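A.B. asks: using only what follows, build the 3D model:
(one chain, ligands or ions: 1)
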Amino acid sequence: MRRPIALITGANGEIGHGLLEHLKKMQNTDVVALDLNPIDEALRPLCFSWTTGDILDEELMGRLVSEYEIHAIYHLAALLSTRSEYTPEKAHNVNVNGTLRLIHMAQEQARWHGHPVRFLFPSSIAAYGLPSLAAKREAGRVKESEWNDPTTMYGVNKLACEHLGRYYTFHYRQLARTDERSGVDFRAIRFPGLISALTMPTGGTSDFAPEMIHAAARGEPYACFVAESARIPFMAMPDAVKALIHLAEAPAEQLSQRVYNIGAFAPSAGEIRDCVLSAFPQAQITFEPDPPRAKIIDTWPEDVDDSPARKDWGWSPDYDLDRAFNEYLVPTIRNYYEQQSHS
Ligand code: SER
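C.D. replies: Purely as a prediction, here's the structure:
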């Protein structure tokens with residue numbers, strides 16, 4: 001008998017850290033963690049097992065399915081938006097072909113063990129593309145179906161994967177004589193910029209917020225690469241993890257769509273600076289916009305309409321901007337850097 005597990009790809013990343021802790025607490029799921037780099041020591045006790053490798057490595061994928069029965073996949077591995085602009089073809093390969101490989105694995109697993117495989121996918125506000133700042137201001141809180149014209153490779157990849165997930169869930173091999181479903185139960189969240197107290201993102205464009213906060217906590221100056229007035233939605237990491245778990249647990253018949261916006265707070269870069277300064281009054285923060293990166297932020301919406309998530313699976317964030325700073329980011333980051341300085 002192969003052991004039933006949930007697979008987490010990109011487990012070393014920002015979301016992976018929080019998700020592994022949460023799944024461990026729930027105690028009803030054995031998790032196998034996969035990442036390009038060896039899984040962080042701190043995460044290992046949270047996993048049933050872990051493995052190092054590339055989601056595009058066929059041999060590795062073959063080994064996984066020969067050892068385990070996969071019932072859920074949290075596919076977190078991806079190249080983020082800034083990084084993807086330097087190597088767009090590689091980004092497409094990892095972000096789209098890698099996702100297709102895993103969706104296909106989910107389909108094969110469902111056929112083997114006869115249960116649907118839940119496939120949780122972190123999509124992004126990068127799936128939107130507003131053509132100008134004026135359009136962005138006028139659009140305000142965008143719905144999932146609006147402004148789906150991303151300008152970044154990463155956004156294009158996310159949108160493509162959303163469609164692949166919808167195809168496998170509802171239309172897979174629609175010309176076959178049997179009307180068997182694929183067994184893939186794909187669910188995606190379009191995350192806003194995420195801010196974690198414990199990890200730093202690498203290669204994202206929304207990174208200016210976490211970078212500003214972590215630089216202040218380390219006592220380092222920070223030059224922000226977007227203008228003070230730049231505004232996109234953000235979320236504290238515990239809410240992002242909570243959303244993934246709630247969407248994973250929602251009964252399929254409650255889902256009126258498979259891709260959901262979720263929102264929490266939508267500050268300007270200047271408002272984030274103000275919060276950082278009230279927590280760390282010595283912080284040195286300047287605004288020195290890097291026009292190409294700032295332009296990407298200008299194509300992402302000011303905020304999102306998350307009413308379908310609220311209605312279908314009870315989404316509601318625990319952290320607004322003040323609470324995120326005062327009860328999560330500042331105390332956790334302080335503690336983190338204090339411990340680092342003592343070790
Ligand atoms: N945080 C991501 C990025 O900046 C967007 O989802 O690439």
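
A.B. asks: so who does the residue of the stretch 151-300 of the chain found nearest the ligand touch?
C.D. replies: Nearest residue of the stretch 151-300 of the chain to the ligand (Cβ to the nearest ligand atom) works out as G204 at 2.9 Å. In this view, the C-beta of every residue, glycine as well, is placed from N, C-alpha and C. The neighbours of G204, taking Cβ atoms under 8 Å, 6 or more residues apart in numbering as the test, are L80, S81, T82, R83, G193.

A.B. asks: show me the strands in this protein, by range?
C.D. replies: Remark: strands assigned in the chain by DSSP state E are 3-9, 31-35, 49-52, 68-75, 117-124, 141-142, 184-191, 193-195, 222-224, 234-236, 259-261, 285-287, 303-304.

A.B. asks: just the ones in helices from the contacts of G204, please.
C.D. replies: S81, T82, R83 (DSSP state H).

A.B. asks: out of those, who has the most neighbours?
C.D. replies: Across the ones in helices among the contacts of G204, neighbour numbers were computed from other Cβ atoms under 10 Å; S81 holds the maximum, 27 neighbours.

A.B. asks: re the thing from before, nearest to the ligand, of the ones in helices among the contacts of G204?
C.D. replies: With Cβ to the nearest ligand atom as the yardstick, the closest approach to the ligand among the ones in helices among the contacts of G204 comes from S81, at 3.1 Å.

A.B. asks: just give the closest residue to that closest one, not the sequence neighbours.
C.D. replies: Residue nearest to S81 in three dimensions, not counting chain neighbours: Y154, with 3.8 Å by Cβ to Cβ, 6 or more residues apart in numbering.

A.B. asks: so that neighbour touches A91, yeah?
C.D. replies: Yes - counting by Cβ atoms under 8 Å, Y154 touches A91, with 6.3 Å between them.

A.B. asks: overlap in contacts, those two.
C.D. replies: Here Y154 and A91 share the contacting residues L79, S84, scored by Cβ under 8 Å, 6+ apart.

A.B. asks: more crowded one of these two?
C.D. replies: The neighbour comparison of Y154 against A91 (other Cβ under 10 Å) goes to Y154, with 28 against 23.

A.B. asks: contact partners for the more buried one?
C.D. replies: A78, L79, L80, S81, S84, E85, A91, N95, S124, A126.

A.B. asks: check contacts around the fifth one.
C.D. replies: The one in question is S84. Neighbouring residues of S84 by Cβ under 8 Å, 6+ apart: A91, N95, T152, M153, Y154, N157, G203.

A.B. asks: the lengthiest helix in the chain: which residues count as buried?
C.D. replies: Longest helix in the chain, counting residues (DSSP H): helix 153-170. Residues of helix 153-170 classed as buried by neighbour count (16 or more other Cβ atoms under 10 Å): 153-162, 164-165, 167-169.

A.B. asks: ditto for stretch 132-139
C.D. replies: For stretch 132-139, the buried set under the neighbour-count rule, 16+ other Cβ under 10 Å, comprises K136, A139.

A.B. asks: how many neighbours does P131 have?
C.D. replies: P131 has 13 neighbouring residues, counting by other Cβ under 10 Å.

A.B. asks: hmm, D149 and it touching each other?
C.D. replies: Yes - using Cβ under 8 Å, P131 makes contact with D149 at a distance of 7.4 Å.

A.B. asks: and F225, what's its pLDDT?
C.D. replies: Listed pLDDT for F225 reads 98.

A.B. asks: what is the burial count for it?
C.D. replies: Look at F225: counted by other Cβ under 10 Å, it has 21 neighbours.

A.B. asks: same deal with the one 10 residues further on?
C.D. replies: For M235, the number of neighbouring residues by other Cβ under 10 Å comes to 22.

A.B. asks: now G155: closest residue in space, sequence neighbours ignored.
C.D. replies: Closest to G155 by Cβ to Cβ, 6+ apart is A126, at 3.7 Å.

A.B. asks: so how far is A283 from the one you found?
C.D. replies: From A126 across to A283, the span is 28 Å (Cβ to Cβ, to the nearest Å).

A.B. asks: for stretch 202-218, buried residues please.
C.D. replies: 203-217.

A.B. asks: quick check on the residue nearest to N93 when sequence neighbours are not counted: phi, psi?
C.D. replies: Of all residues not flanking N93 in the chain, L56 sits nearest, at 6.9 Å (Cβ to Cβ, 6+ apart). Note on L56: backbone dihedrals following degrees, to the nearest 10 are phi -90, psi 0.
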